[in-house]
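Undergrad: turn this into a model:
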Amino acid sequence: MDWFVLFLVAAASIAVARIVYQVRRTATHRADDWDAKLIERLRRGGIDPFQPLPIDFFIAMPTLEAAQTVAGQLEAEGYTIEMRESAEGGAHPVSVHAVKAMHLHVPVIRAASQRLRELAEASGGRYDGWAPGKA
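TA: Numbers count the residues shown, from 1 in each chain. Alright, predicted model coming up:
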């Protein structure tokens with residue numbers, strides 16, 4: 001009987017680990033697909049992928065101090081920063097808008113998104129994505 005219970009626990013652990021792995025992989029894959037699909041749509045719309053385009057990145061931060069810390073790091077990396085505080089408050093009342101001229105190349109945009117996501121999360125914030133800016 002003890003072997004049977006041990007076998008059931010091991011099987012359940014493996015099943016749970018596999019489910020967690022698949023959910024994480026799917027979440028990352030969806031975000032990556034969004035970047036690739038948006039870039040493809042922009043290219044079809046006539047954007048020249050060989051010319052740098054201003055890309056607007058958006059980060060929501062919990063405090064002005066945290067936003068200033070992230071903004072300082074991004075300015076050092078060549079981003080132009082604009083910050084706004086929301087009158088409504090909420091969990092992330094400060095918005096950091098970072099702009100940088102980049103080529104619309106999927107690995108470049110994914111790397112920038114990953115960097116901004118890590119910066120935001122390290123300070124308790126949230127990375128909200130990107131959009132093409134006005135040339």
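
Undergrad: please make it C-alpha for all contacts and neighbour counts, starting now.
TA: Noted.

Undergrad: can you pull the pLDDT of residue 60?
TA: pLDDT for residue 60: 93.

Undergrad: tell me if I'm right that it and residue 128 touch.
TA: Yes: with contact defined as Cα atoms under 8 Å, residue 60 counts as touching residue 128 (6.9 Å).

Undergrad: neighbour-wise, which of these two wins?
TA: residue 60 (24 against 16; other Cα atoms under 10 Å).

Undergrad: what strand or helix carries that one?
TA: strand 53-61 (DSSP states H and E).

Undergrad: buried set for the helix or strand just after that strand?
TA: Note on strand 53-61: by DSSP H and E, the next helix or strand toward the C-terminus is helix 64-76. Buried residues in helix 64-76, counted by 16 or more other Cα atoms under 10 Å: 64, 66, 67, 68, 70, 71, 74.

Undergrad: contacting residues for the third one?
TA: Listed by Cα atoms under 8 Å, 6 or more residues apart in numbering, the contact set of residue 67 reads 61, 83, 94, 95, 96.

Undergrad: and the last one, by the same measure?
TA: Applying Cα under 8 Å, 6+ apart, we find residue 74 in contact with 80, 81, 98.

Undergrad: give the contact list for the second one.
TA: The reference is to residue 81. Counting by Cα under 8 Å, 6+ apart, residue 81 has contacts 71, 74, 75, 96, 97, 98, 99.

Undergrad: for the second one, give its distance to residue 3.
TA: When you say that, I think you mean residue 74. Note on residue 74: its distance to residue 3, by Cα to Cα, to the nearest Å, is 56 Å.

Undergrad: could you do the fourth one as well?
TA: According to Cα to Cα, residue 96 stands 56 Å off from residue 3.

Undergrad: ok, the first one next?
TA: Going from residue 71 to residue 3 by Cα to Cα gives 57 Å.

Undergrad: the protein: helices as residue ranges?
TA: 2-44, 64-76, 106-122 (DSSP state H).

Undergrad: have a look at the protein and report the helix or strand with the lowest mean pLDDT.
TA: helix 2-44 (a mean of 77; mean pLDDT, DSSP states H and E).
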